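Enquirer: The following block contains a protein sequence and its predicted model.
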2 protein chains.
Amino acid sequence: MTFVLGIDGGGTSCRAALATAGGEILGRAKSGAANIRSDLTGARTNIVDAARQAFLEAGEDPDLIPQTPAILGLAGANVGTYKQQLEAILPFSRSSVETDFEIALEGAVGSGDGAIAILGTGTAYMVRKQGKSRSVGAWGFQVGDQGSGARIGRDLLEQTLLAYDGIRESSPLTREMMGIFRDNPQDLVEFTTHAKPGDFGGFAPKVFENAARGDVVATWIVDKSVADVEASLGVLDLEQNDPLCLLGGLAPLYAPRLSERYRALLKTPLDDALGGAVRMAVRKFAGEAEAA
Amino acid sequence: MTFVLGIDGGGTSCRAALATAGGEILGRAKSGAANIRSDLTGARTNIVDAARQAFLEAGEDPDLIPQTPAILGLAGANVGTYKQQLEAILPFSRSSVETDFEIALEGAVGSGDGAIAILGTGTAYMVRKQGKSRSVGAWGFQVGDQGSGARIGRDLLEQTLLAYDGIRESSPLTREMMGIFRDNPQDLVEFTTHAKPGDFGGFAPKVFENAARGDVVATWIVDKSVADVEASLGVLDLEQNDPLCLLGGLAPLYAPRLSERYRALLKTPLDDALGGAVRMAVRKFAGEAEAA
């Protein structure tokens, strides 16, 4: 074994990195979606395509793919038997399909103990203790993802309608929101019937901004969301020296609002998820290469 | 004018009642959906069909339709210009299109002051004070309908997942729910991605049953829902003698849980929504008939 591959695949694109057995990245490439739940063979095609391109970018021969082991981090890899199905049809010398959270964790904190909180349109947590990792949350916007951008946006629209009806207090932010929907609650409701999590989440930065200005409704939503995030962090059993990395678009907005207990643990991520896949490939396969 | 028509139309069916100018119902009939938002001309066809059938059921001549005034209570009549569009194409001597809530209110409390709380898959409130009516809520499951069956079911699934992750306490009910989804949170999440409000609402009676048995999670959800319903009742400005009718499938479950202040106002509805349309037709049109 001369090389290892790291793959980071999701619903919109698939990234690959070719690295030496020592972990030095030689080439990167990107291809289309790798959604193993909705299109397994399409995902395989894009994964192999990204891997081939990474070889070419590195100036190496893609015919070495069958001799190269790969770590793949893919959304949905923990559901059903997709992982086993995909591993069976991949062309690499060895393939280990992990979740996207697993490689993000490895990228952020390396191979030791630690945790990540992914705070974006959705929310998810992953903790590793003595080599054993566990995920918390990531159940989606409808009945989970507390503290996510999608939930914050949905909360804002709900509070806006409650203020319109006089049931909860209004604020500059709820009045601004009514203005966005032409002061017509039906227009707001119409928006929510088609809105995807990302559409709700688009309002989240506005909520944080307004909370910083003291808006009473925004502050109520942010305080509740911080409490929700801390409740999830609470079950990760973090100890004093465990690194905690906040990832995702809302990470910089949450970081200063966490209680001292968690702020003391915060660390800058070592690497991104693709880097995490490469690190994991080196850790898992490089020893075998030396033995071979 | 010899007769009046009452029409109660919604997304699944349209009911019509033919009555004398004094309000005595002579014939009733039912036809297909009258959804004025998604199919205005289809709604007109089913409305006229139900009216014709009501004449035939009464042993009267449907050719009298152009001489008969009608009150129509239709879901969505308060949105955009659907009301005006439909009134312009109806064949009755006079047509007044009201919301489904307006005729439900007239049916429940008659022509005087009073209020209804519709507590079913969704929630909506309508109050009339000195002849002026006002609706509260009815903004749909995604960002409104607090206390509705859909919200209660969604809350239960959310609490079930939080209990699974150890973030909130579990209970016999959350454990029963996990069993329904084969102890697999992914199965639960899969259900929520396709579930309609009525699918979530299907779990609501179970929540009330378990709350009655002291289940801690069910009790928490029911207490929160009762508080939400009372918060909405609070903005109706009900006075001591205003009748309040609870309608909808959850009405008998909520009634004993309301605070004494609201329980003291509770009255049995005089009539259903179709009866309300007939009552309103008599009230609005019978005087004109005598004058003619």
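Expert: Okay, I see it.

Enquirer: CA only for contacts and neighbour counts going forward, please
Expert: OK.

Enquirer: I'd like to know which elements the helix or strand of chain A with the lowest mean pLDDT is packed against.
Expert: Scoring the helices and strands of chain A by mean pLDDT, DSSP states H and E places helix A:273-291 at the bottom, with a mean of 85. Contact partners of helix A:273-291 among helices and strands, from 3 or more CA pairs under 8 Å, 6 or more residues apart in numbering or on different chains; DSSP states H and E: strand A:3-9, strand A:14-20, strand A:70-74, helix A:100-109.

Enquirer: for the last one, packing partners?
Expert: Secondary-structure packing of helix A:100-109 (3+ CA pairs under 8 Å, 6+ apart): strand A:3-9, strand A:70-74, strand A:114-119, strand A:123-129, strand A:244-247, helix A:273-291.

Enquirer: what's the spacing between it and its chain's center?
Expert: Distance of helix A:100-109 from its chain centroid, counting by CA atoms, centre = their mean, to the nearest Å, is 9 Å.

Enquirer: mind giving me a markdown table with the helices and strands packed on helix A:273-291 and columns for distance to residue A:170?
Expert: Formatted as a markdown table, the helices and strands packed on helix A:273-291 follow (distance: least, CA to CA, whole Å):
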| stretch | distance to residue A:170 |
| --- | --- |
| strand A:3-9 | 43 |
| strand A:14-20 | 44 |
| strand A:70-74 | 43 |
| helix A:100-109 | 39 |
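
Enquirer: Need the ones you listed in CSV (columns: mean pLDDT and mean neighbour count).
Expert: Written out in CSV, the entries for those read as follows (pLDDT from 0 to 100; neighbours: other CA atoms under 10 Å in any protein chain shown):
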stretch, mean pLDDT, mean neighbour count
strand A:3-9, 97, 30
strand A:14-20, 97, 26
strand A:70-74, 96, 29
helix A:100-109, 96, 27
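
Enquirer: Of all those, which one is nearest residue A:155?
Expert: Of all the helices and strands packed on helix A:273-291, it is helix A:100-109 that lies closest to residue A:155, at 26.1 Å by CA to CA.

Enquirer: hmm, who's touching that closest one?
Expert: Here helix A:100-109 makes contact (CA atoms under 8 Å, 6 or more residues apart in numbering or on different chains) with A:8-10, A:73-77, A:114-116, A:125-127, A:133, A:135, A:243-245, A:268-277, A:279-280.

Enquirer: what angle do that helix and strand A:114-119 make?
Expert: With axes from the mean of the first three to the mean of the last three CA atoms, to 10 degrees as the basis, helix A:100-109 and strand A:114-119 are set at 120 degrees to each other.

Enquirer: OK, contacts around residue A:122?
Expert: Taking CA under 8 Å, 6+ apart, one finds A:138, A:140-141, A:145-146, A:148-150, A:197 in contact with residue A:122.

Enquirer: and what of residue A:6?
Expert: Neighbours of residue A:6 in contact, by CA under 8 Å, 6+ apart: A:16-19, A:70-72, A:274-279, A:281.

Enquirer: let's see 6 Å
Expert: Residue A:6 sits next to A:16-17, A:70-71, A:277-278 when contact means CA atoms under 6 Å, 6 or more residues apart in numbering or on different chains.

Enquirer: Adding distance to chain B, secondary structure and pLDDT, write the contacts of residue A:122 out as CSV.
Expert: Converted to CSV, the contacts of residue A:122 look like this (distance: CA to the nearest CA, whole Å; DSSP: H, G, I helix; E, B strand; the rest coil; pLDDT from 0 to 100):
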residue, distance to chain B, secondary structure, pLDDT
A:138, 10, coil, 90
A:140, 7, coil, 90
A:141, 9, coil, 90
A:145, 10, coil, 96
A:146, 9, coil, 97
A:148, 14, coil, 96
A:149, 15, helix, 97
A:150, 12, helix, 96
A:197, 12, helix, 93
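
Enquirer: Which residues of the stretch 101-250 of chain A lie near chain B?
Expert: Contacts of the stretch 101-250 of chain A with chain B, taken as CA under 6 Å from any CA of the partner chain, map to A:143-144, A:158.

Enquirer: Let me see the ranges of the helices in the stretch 101-250 of chain A.
Expert: All helices of the stretch 101-250 of chain A, identified by DSSP state H, counting those that start in this stretch, fall at A:149-164, A:172-180, A:185-194, A:197-201, A:204-212, A:216-234.

Enquirer: mind giving me the domain split of chain A?
Expert: Listed by automatic domain parsing, the domain ranges of chain A are A:3-110+A:270-291, A:149-263.

Enquirer: mind checking which of the ones you listed is nearest residue B:91?
Expert: Nearest of the domains of chain A (CA to CA): domain A:149-263, 28.9 Å.

Enquirer: Next, count neighbours for residue A:44.
Expert: Residues within reach of residue A:44, counting by other CA atoms under 10 Å in any protein chain shown, total 20.

Enquirer: Quick check: phi and psi on it?
Expert: phi -60, psi -50 (degrees, to the nearest 10).

Enquirer: got any ranges where chain A has weak pLDDT?
Expert: A:1, A:287-292 (pLDDT under 70).

Enquirer: what do you get if the cut-off is 90, keeping everything else the same?
Expert: A:1, A:10-12, A:35-39, A:75-82, A:193-194, A:286-292 (pLDDT under 90).

Enquirer: For the stretch 1-150 of chain A, give the residue positioned nearest to chain B.
Expert: Relative to chain B, the nearest point of the stretch 1-150 of chain A is residue A:143 (4.5 Å; CA to the nearest CA).

Enquirer: Please report how far that residue lies from residue B:150.
Expert: Residue A:143 is 12 Å from residue B:150, where distance means CA to CA, to the nearest Å.

Enquirer: which of those two has more neighbours?
Expert: residue B:150 (28 against 23).

Enquirer: List the contacts of that one.
Expert: By CA under 6 Å, 6+ apart, the residues touching residue B:150 are B:121, B:197, B:200-201.

Enquirer: ok, now with 8 Å
Expert: B:121-122, B:141, B:197-202, B:204.

Enquirer: Show me which of the residues you listed is closest to chain A.
Expert: Checking the contacts of residue B:150 one by one against chain A (CA to the nearest CA), the nearest turns out to be residue B:141, at 9.2 Å.

Enquirer: Looks like that closest one contacts residue B:153 (just checking).
Expert: No: counting by CA atoms under 8 Å, residue B:141 does not reach residue B:153; the two are 10.8 Å apart.

Enquirer: Just say which of the domains of chain A is most tucked in.
Expert: Ranked by mean neighbour count, the domains of chain A are led by domain A:3-110+A:270-291 with a mean of 21 (mean count of other CA atoms under 10 Å in any protein chain shown).

Enquirer: roughly how far is that one from the heart of the chain?
Expert: Chain-centre distance of domain A:3-110+A:270-291: 16 Å, with CA atoms, centre = their mean.

Enquirer: And for stretch A:218-226?
Expert: How far stretch A:218-226 lies from its chain's middle: 22 Å, per CA atoms, centre = their mean.

Enquirer: Isn't residue A:14 up against residue A:46?
Expert: Yes: in this structure, residue A:14 is within contact of residue A:46 by CA under 8 Å, at 6.8 Å.
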